[in-house]
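Peer 1: give me coordinates for this.
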Amino acid sequence: MRRSFSILLLGLPLVLTACGDDDDKDDTGTEEADTDTDTDTDTDTDTDTDTDTDTDTDTDTDTDTDVDDTISDIQTGSFSLGDAVDVQDVVVTGLYLNDNGFFVQEPGGGDNSGIYVFGFGINGSITDLAPGKTVNISGVYGEFQGSGDSWDESVSQIQVDDETAATDVTVTGDGTVPTPVTVNVSDFDTSADVEKYEGMLVTIESVAVTGTASFGFLVSDNLEINTRLYDFETDYPAGLTDTFDSITGIVHYEGGWRILPRDADDFENFVDNTVEVSCSADKCADDLVAGDLVITEIMWNPAVDNDDGNEWIEIYNATSGSVDLNLLTIEDSAGNDYTFSAELTVASGEYAVIATQDSSVAWGYSFTPDLFADLPTFNNSGGDTASIVYGETSTVIDSTANYSGTGGSGISSILDPSTLDATSNDDASNWCSSVTDIGSSGDKGTPGAANDACPR
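Peer 2: All right, here's what the predicted structure looks like:
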């Protein structure tokens, strides 16, 4: 039998012939008739019933599909700004009242397990969004640091486009809100101690109110209880010395650390410790109304000795009687404050000068202020404002315009004496720079006396 095979070699066909034993020849090679009547039907066809189907198909169930991103990965630096992120079945813990976002947390909790989901007006476009719901979120990783990058810390966010929020955020069912972590108020003194709790539910215990805030109240110099998620001021009109057994809420940062309670149940055992204020002056702190006191001068950048240790502020009594400054608070625009803790009486039509003093430096001026106090440090760059507030009732007695553009190194910012009232000092055009020498210090200002007239 001959078989021919064609192989293409170097572009040309090559024909090979295969040879082998020919069953139609005898041993001599002579053709022999096949008389064999045994047709060799061979019923044993050897169909090989052992078909070796190999049930071990090795389909490789480890298909190496994409693993969902975790909040912890986002919070701990696994992503670069602008990277797409996708988290699945995380639990909603709180909603912004202004609809501009919400907080979520991994169901299992743990450090770095919470985050803020931001988007203008997105809450209203997401069906069934509510605390306790589980959601899937597609967005991008971002960090927000306030206007002009002025904050010490930034806020980690999953940012969602408001136009696609309805599809980028989907509610998948009901979940279990993680148990809040108990932390100490003092932990918020150092950002490194609380950064891991950003976006998470926490509880602080044995809380005392220490000051006022624009939206809520302070429980230390470094921690504010804020109304972003729940406007609690009607239910809990907390003032100085009031206490709570505990407060629960979500940790957030907006120029300072905050806890955001979600509802009335986040407050335990509110005790109102308001007491009747008494003093020897004609008016005490709780008698004052807006305009009774006027901030008239700020030395925000002394040239003598240490800057922060020699700043001062001047307050004018615009009432017809004496006023006691005890329990009043001086604040700057960032919410830093000082609260008077002893009687300090200012006669009608007179001025009080309150100065800060760093104990590590000498007082650089020849005049003696009415009080040395731990005042807020006024900004040298970009200006600042100052306010007088009675924290017990959140009454703003006076607040100034930003002094930026007036004063300077060794020169105080002053209110024109022809506009000596709490409304006029809201207008920056009524402020100017002092031209009067302060003794032989080289600095200029009029502490405790009528101001220079501003050029008109």
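Peer 1: residue ranges with poor pLDDT in this structure?
Peer 2: 1-67, 147-150, 275 (pLDDT under 70).
Peer 1: sketch out the helices for it, chain order is fine.
Peer 2: With helices called from DSSP state H, the chain shows them at 71-75, 165-168, 191-194.
Peer 1: which of these is buried the deepest?
Peer 2: Comparing the helices of the chain by mean neighbour count (mean count of other Cβ atoms under 10 Å), helix 71-75 comes out on top with a mean of 20. C-betas here are computed from N, CA, C, even on glycine.
Peer 1: can you lay out the helices of the chain as CSV showing distance to residue 295?
Peer 2: Below are the helices of the chain laid out as CSV (distance: least, Cβ to Cβ, whole Å):
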stretch, distance to residue 295
helix 71-75, 42
helix 165-168, 45
helix 191-194, 31
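Peer 1: so who does residue 317 touch?
Peer 2: When contacts are counted by Cβ atoms under 8 Å, 6 or more residues apart in numbering, residue 317 touches 292-293, 323, 346-352.
Peer 1: just the buried members of those?
Peer 2: Neighbour counting by 16 or more other Cβ atoms under 10 Å classes 292-293, 323, 346, 351-352 among the contacts of residue 317 as buried.
Peer 1: ok, back up a step: between the helices of the chain, which one is nearest to residue 432?
Peer 2: helix 191-194 (38.7 Å; Cβ to Cβ).
Peer 1: what's next to the closest one, contact-wise?
Peer 2: In contact with helix 191-194 (Cβ under 8 Å, 6+ apart) are residues 152-153, 183, 187-188, 251, 257.
Peer 1: and the residues you listed, which two are the farthest apart?
Peer 2: So, these by Cβ to Cβ: farthest apart are 152 and 183, at 19.0 Å.
Peer 1: more crowded one of those two?
Peer 2: Set residue 152 next to residue 183 and count neighbours by other Cβ atoms under 10 Å: residue 183 wins out with 19 against 11.
Peer 1: now residue 264. Nearest residue, chain neighbours left out?
Peer 2: Excluding its sequence neighbours, the residue lying closest to residue 264 (Cβ to Cβ, 6 or more residues apart in numbering) is residue 235, at 5.6 Å.
Peer 1: pretty sure the one you found sits against residue 265.
Peer 2: No - look at residue 235 against residue 265 with Cβ atoms under 8 Å: they stay out of range, at 10.8 Å.
Peer 1: more neighbours: which of those two?
Peer 2: Counted by other Cβ under 10 Å, residue 235 and residue 265 do not tie: residue 235 has more neighbours, with 12 against 9.
Peer 1: which ones are touching residue 427?
Peer 2: So residue 427 contacts 401, 419 (Cβ under 8 Å, 6+ apart).
Peer 1: which residues touch the residue nearest to residue 347 when sequence neighbours are not counted?
Peer 2: Nearest residue to residue 347, sequence neighbours excluded (Cβ to Cβ, 6+ apart): residue 322, at 5.3 Å. Residues near residue 322 by Cβ under 8 Å, 6+ apart: 281-283, 345-348.
Peer 1: from residue 431, how far out is the residue most central in space within the chain?
Peer 2: With distances taken as Cα atoms, centre = their mean, the residue of the chain nearest its centroid is residue 253 (2.7 Å). Remark: distance between residue 253 and residue 431 (Cβ to Cβ, to the nearest Å) = 32 Å.
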